Each structure stands twice: as structure tokens, then as C-alpha cells.
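In: can't give you the sequence, but here's the structure:
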């Protein structure tokens with residue numbers, strides 16, 4: 001595509017979302033609570049569209065197809081399930097937590113009420129690590145997408161997206177993000193439907209046969225890439241455990257829990273988001289296996305874009321608009337959510353509205369800098385390192401998610417929950433000692449991967465099961481002692 005046309009499309013799309021975000025709050029006098037929570041203002045449809053839009057970042061054009069390219073059927077299924085299960089869990093536990101803490105903003109607010117300030121800080125740190133990594137991964141992805149589609153310098157779309165989303169989120173907070181989410185969700189749904197129809201109107205028989213075929217260079221490059229390959233169940237399940245646990249600590253979802261006008265709106269909206277997300281991620285994963293059948297891609301992380309070669313101008317233009325809509329929908333959510341975690345959880349609610357706005361602005365240059373792939377102290381921020389940071393945050397979340405949510409059960413002792421999270425990490429070390437030695441167990445805490453560099457199901461299950469068992473058993477013991 002002509003570079004000047006790509007600039008026009010990008011600027012026009014960003015300009016539209018910037019206007020929507022700004023206009024959403026021009027007639028309002030925002031207080032800090034509304035800036036962070038938009039409490040009780042959203043219907044079920046709006047919540048569903050917002051959860052869908054905020055969850056569907058530009059990662060969906062990279063992640064699912066790369067997973068399909070490498071792993072085959074169960075990895076694709078696992079990725080699609082892991083994208084939708086956090087919303088299903090939110091539909092179930094969200095109303096419970098809203099009932100117990102009507103004035104909350106983040107999940108860590110509830111954690112403080114039930115377990116205490118130390119656990120609130122710990123959950124806040126996990127959340128910020130995960131969300132900030134997600135943030136600069138999104139900037140990396142939009143830079144790569146615009147380069148692949150138009151040859152644009154990757155730094156330019158990063159800066160443009162960062163400037164526009166920061167402007168309307170720092171000004172309008174969560175209400176501005178919720179308003180843009182509605183438009184972004186409809187743009188994404190409409191464009192992805194039209195573009196999929198155009199893509200599949202071709203030789204559907206060839207697409208299906210390619211999806212079933214194995215990568216002809218797979219043995220050399222560790223790529224299976226076939227929907228016929230059914231032996232990747234453990235790695236697919238590992239994705240479900242790891243991503244679901246981490247997404248439960250994504251504060252953008254919890255902000256929307258309190259933004260819902262009532263429990264029914266939250267429940268219906270969350271289910272709607274899950275229903276929209278699953279088929280989208282699944283189809284994009286299948287398309288990754290289609291690319292694998294054609295042989296090894298130059299860049300497997302951009303496997304989906306191989307299918308866009310030699311397509312007409314309209315098709316490429318549609319994906320530029322789609323890419324910008326996707327990245328804005330996730331970036332503005334992450335900015336708001338990180339700001340909420342910092343101002344509520346890490347600073348103990350001592351930040352005022354202006355300080356929260358400053359935090360929103362300051363994080364973006366840092367995220368864009370990391371997205372350019374710098375080397376800091378011998379550590380390079382490339383795709384592999386970002387994946388490693390994600391997995392580290394995922395493991396912390398897997399060891400914490402049950403101790404937190406088990407507190408919804410009246411027999412769980414808060415002190416046991418705090419110790420249970422620590423026991424979850426200790427269980428990982430014990431698993432490493434069981435299969436090898438102490439150094440392996442400690443290594444799993446930093447890098448919970450298998451010999452292929454993928455998420456290690458056994459490590460994540462040891463964190464999940466160990467933390468849950470410790471929380472329940474210790475609660476029974478402590479309750480007996482306190483009687």
C-alpha cells in the first residue's frame with residue numbers, strides 16, 4: 001500500500017477515536033471515583049462491547065495465528081478458550097465481589113478488605129507487571145503491523161497511538177475509554193466479519209486442506225502447524241491455566257465490573273464478551289495453521305499477514321483501520337487500569353485526580369521505549385523476553401488466584417490466603433526438585449517453560465493446586481485453633 005494513504009487512514013481513524021473519547025466527558029465535571037470506575041453507568045450491551053473491545057487488542061492478529069502455526073489443534077483451542085474464560089469467570093464471581101464491596105475499583109480493593117494491605121500490594125504488583133507488559137507488547141504489535149502492511153516506520157504508529165490514547169484517557173479516564181470501546185467494538189466486529197467473508201469466499205476447500213496439512217519444514221523448525229495434530233493437549237491446557245489466571249488480575253475487567261449498572265448487566269455483558277471472543281480467536285488460530293502448510297514463514301509471529309500478500313487495496317486499507325481500532329481499544333483500557341492500580345493499590349489511595357492523570361501520561365513514553373526493543377543491562381526487550389515476562393506474571397497470578405477467590409467462601413481464613421499464595425510458589429520449587437533438583441525448581445519460578453520454551457503445564461498446575469490446597473487446609477487448622 002502507498003505509504004501516504006496508510007498515513008491518512010491511520011490519522012483519520014485515530015482522529016475519530018480521539019474525538020469520541022474527548023466528547024464523552026466534555027460536559028462533565030469528573031470526580032476521582034468516576035474517573036477510575038464510572039460506577040453504575042453501563043448497561044449489559046455496553047459492558048459486553050467494552051469487555052470485548054478492551055480484551056481484543058492487536059495481539060489477536062499475531063498471537064492466535066502464531067500459536068496455530070507452531071502448535072496445531074489443541075493449542076488453537078486452548079488459546080481461544082483462555083481468551084473467553086476470564087469473562088465467564090467475571091460473570092460468576094463479579095457479582096459476588098460487587099456485593100461484598102460496592103465501592104470498589106480494582107480487585108485488589110477487595111483483597112485488602114478480605115486479606116489485608118500486604119496482599120493488596122502483592123496483587124497490585126502482579127497486576128501492574130502483567131498489564132504494563134501487555135501495554136508495550138501492544139505498541140510493539142501495532143508498529144510491526146503497520147510496517148508489514150505499508151512499510152511505515154514502526155515508531156510512528158507507536159507514537160501516534162500513544163499520543164491520542166493518552167490525550168483522551170488522561171482527560172476523561174474510564175468514561176472516555178468506555179465510550180470509545182463501543183465504537184471500537186462495532187468497527188472490529190464489522191470489519192473482521194467483512195474481511196473474513198472476503199478471505200473465505202475464495203477456495204474454501206484449499207483453506208481447509210491447508211489447515212489440516214503439516215508444515216513441510218516442521219521437523220527442522222519445531223513447527224507442527226496442523227489442525228490434524230491432536231497431541232498438543234498439555235500445552236493447550238497450559239495456555240488456559242496461565243492466561244486465565246493472569247487475566248483475572250487485569251484490572252480493566254474489574255473496573256468494568258463496578259461500571260456495570262447492576263449485577264445482571266455485568267453477568268450478561270461478560271457472557272456476551274465471551275461469546276464474541278471465542279470464535280474470533282479460534283478462526284485466527286486456524287488461519288495460522290493454513291500459513292504453516294505453505295512452509296516456514298519468515299516471521300511466524302506475523303503468520304496471519306502472509307495471507308494478505310497480493311490482496312487488493314481495499315483489503316489492506318481495512319486491516320489498517322482494524323489494526324488501529326484494535327490497538328486503541330486495548331491501550332486505553334490498559335492505561336486506565338494501570339493508573340487505577342497505582343493510585344488505589346500501590347499508593348494506598350493517596351493519589352488525587354491530577355496525580356492519576358500524570359501517571360497515565362508518564363507510563364506511555366516508557367512503554368513505547370520498551371516496545372522499540374532496547375537492551376538494558378544485558379536484557380533485550382525482544383519477542384522472547386516479552387513472552388518470558390508474560391509467563392513470569394502468569395505464574396505469580398496462578399499461585400495467587402485461588403487464595404484470592406477462595407475468600408468468597410466463608411470458611412477461608414484471611415491469614416491462610418496470604419500464606420497460600422506463598423505456598424503456591426513453594427509448590428513450584430518442590431515440583432522442580434521432584435523432577436530434577438533445587439536449581440531447576442528455582443529456575444521454574446523465573447521461567448516456567450518446558451524444553452521447547454512453551455508454557456509448562458505441570459509448573460502452572462503445581463502453583464494453582466498447591467496454593468489452593470494450602471489455603472483450604474490452613475484455613476481449617478486456623479479456624480480450629482481460633483475456636
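Out: Nice, I can see it. This one's a predicted model, so the numbers in the text were calculated from it and none came from an experiment.

In: dump the residue contacts of the residue nearest to residue 2 when sequence neighbours are not counted.
Out: Closest residue to residue 2 apart from its sequence neighbours, by CB to CB, 6 or more residues apart in numbering: residue 150 at 7.7 Å. (Each C-beta comes from the backbone N, C-alpha and C, glycine too.) Taking CB atoms under 8 Å, 6 or more residues apart in numbering as the criterion, residue 150 is in contact with 1, 2, 3, 5, 6, 316, 320.

In: Repeat the analysis, applying 10 Å as the threshold.
Out: Residue 150 sits next to 1-7, 9-10, 157, 316-317, 319-320 when contact means CB atoms under 10 Å, 6 or more residues apart in numbering.

In: Just the strands from the stretch 351-483 of the chain, written as ranges.
Out: 375-376, 379-380 (DSSP state E, counting those that start in this stretch).

In: Deepest in the core, which of the ones you listed is it.
Out: strand 379-380 (a mean of 11; mean count of other CB atoms under 10 Å).

In: List the neighbouring strands of that strand plus their orientation.
Out: Here strand 379-380 has these sheet partners by DSSP bridges: strand 375-376 (antiparallel).

In: Quick one: neighbours of residue 346, just the number.
Out: Residue 346: 18 surrounding residues under other CB atoms under 10 Å.

In: Quick check: closest non-adjacent residue to it.
Out: residue 124 (4.9 Å).

In: Help me confirm that residue 478 comes into contact with residue 419.
Out: Yes: the pair residue 478 / residue 419 is scored as a contact, 9.2 Å apart, by CB atoms under 10 Å.

In: Neighbour count: those two, which is higher?
Out: residue 419 (19 against 16).

In: The strands of the stretch 351-483 of the chain: lowest mean pLDDT?
Out: For the strands of the stretch 351-483 of the chain, the weakest mean pLDDT is recorded on strand 379-380, namely a mean of 79.

In: quick one: that one to chain centroid distance?
Out: 22 Å (CA atoms, centre = their mean, to the nearest Å).

In: repeat for stretch 66-78
Out: 17 Å.

In: what residues go with each domain of this protein?
Out: 3-382, 399-483 (automatic domain parsing).

In: ok, back up a step: which of the strands of the stretch 351-483 of the chain sits closest to residue 462?
Out: Residue 462 sits nearest to strand 379-380 of all the strands of the stretch 351-483 of the chain, at 26.6 Å, using CB to CB.

In: pretty sure residue 179 contacts residue 168?
Out: Yes: under the criterion of CB under 10 Å, residue 179 makes contact with residue 168 at 9.0 Å.

In: Can you check which residues contact both of the two?
Out: Counting by CB under 10 Å, 6+ apart, the residues touching both residue 179 and residue 168 are 17, 20, 21, 22, 23, 24, 25.

In: In whatever helix or strand the fourth one lives in, which residues are buried?
Out: This points to residue 22. Per DSSP states H and E: residue 22 is located in helix 3-23. Of all the residues in helix 3-23, those buried under the rule 16 or more other CB atoms under 10 Å are 6, 7, 9, 10, 13, 14, 16, 17, 18, 20, 21, 22.

In: so can I have JSON lines of those showing distance to residue 305 and pLDDT?
Out: JSON lines is the format used below for these (distance: CB to CB, whole Å; pLDDT from 0 to 100):
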{"residue": "6", "distance to residue 305": "14", "pLDDT": "93"}
{"residue": "7", "distance to residue 305": "19", "pLDDT": "95"}
{"residue": "9", "distance to residue 305": "16", "pLDDT": "95"}
{"residue": "10", "distance to residue 305": "17", "pLDDT": "95"}
{"residue": "13", "distance to residue 305": "19", "pLDDT": "95"}
{"residue": "14", "distance to residue 305": "21", "pLDDT": "96"}
{"residue": "16", "distance to residue 305": "24", "pLDDT": "95"}
{"residue": "17", "distance to residue 305": "23", "pLDDT": "94"}
{"residue": "18", "distance to residue 305": "26", "pLDDT": "94"}
{"residue": "20", "distance to residue 305": "28", "pLDDT": "93"}
{"residue": "21", "distance to residue 305": "28", "pLDDT": "91"}
{"residue": "22", "distance to residue 305": "32", "pLDDT": "90"}
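
In: what's the farthest-apart pair in those residues?
Out: Within the buried residues of helix 3-23, 6 and 22 form the most distant pair, 24.3 Å apart (CB to CB).

In: Residue 209: neighbour count?
Out: 12.

In: Distance check, it against residue 116.
Out: Going from residue 209 to residue 116 by CB to CB, to the nearest Å gives 58 Å.

In: Now the residue lying closest to residue 456 once chain neighbours are set aside. Its backbone dihedrals?
Out: Ranked by CB to CB, 6+ apart and with sequence neighbours excluded, the top spatial neighbour of residue 456 is residue 450, at 4.5 Å. Main-chain dihedrals, residue 450, degrees, to the nearest 10: phi -100, psi -170.

In: rewinding a little: show me what the helix holding residue 22 is packed up against.
Out: helix 117-150, helix 155-201, helix 313-340 (3 or more CB pairs under 10 Å, 6 or more residues apart in numbering; DSSP states H and E).

In: May I have the distance across stretch 203-217, first residue to last?
Out: Start-to-end span of stretch 203-217 (CA to CA, to the nearest Å) is 24 Å.

In: repeat for stretch 27-44
Out: 24 Å.

In: buried sites along it?
Out: Within stretch 27-44, the residues scored as buried using 16+ other CB under 10 Å are 30, 32, 34, 35, 36, 37, 38, 39, 41, 42, 44.

In: How about stretch 380-396?
Out: Within stretch 380-396, the residues that count as buried by 16+ other CB under 10 Å are 381, 383, 386-396.

In: Among those, show me the least confident.
Out: When those are compared, the smallest pLDDT is that of residue 383, 72.
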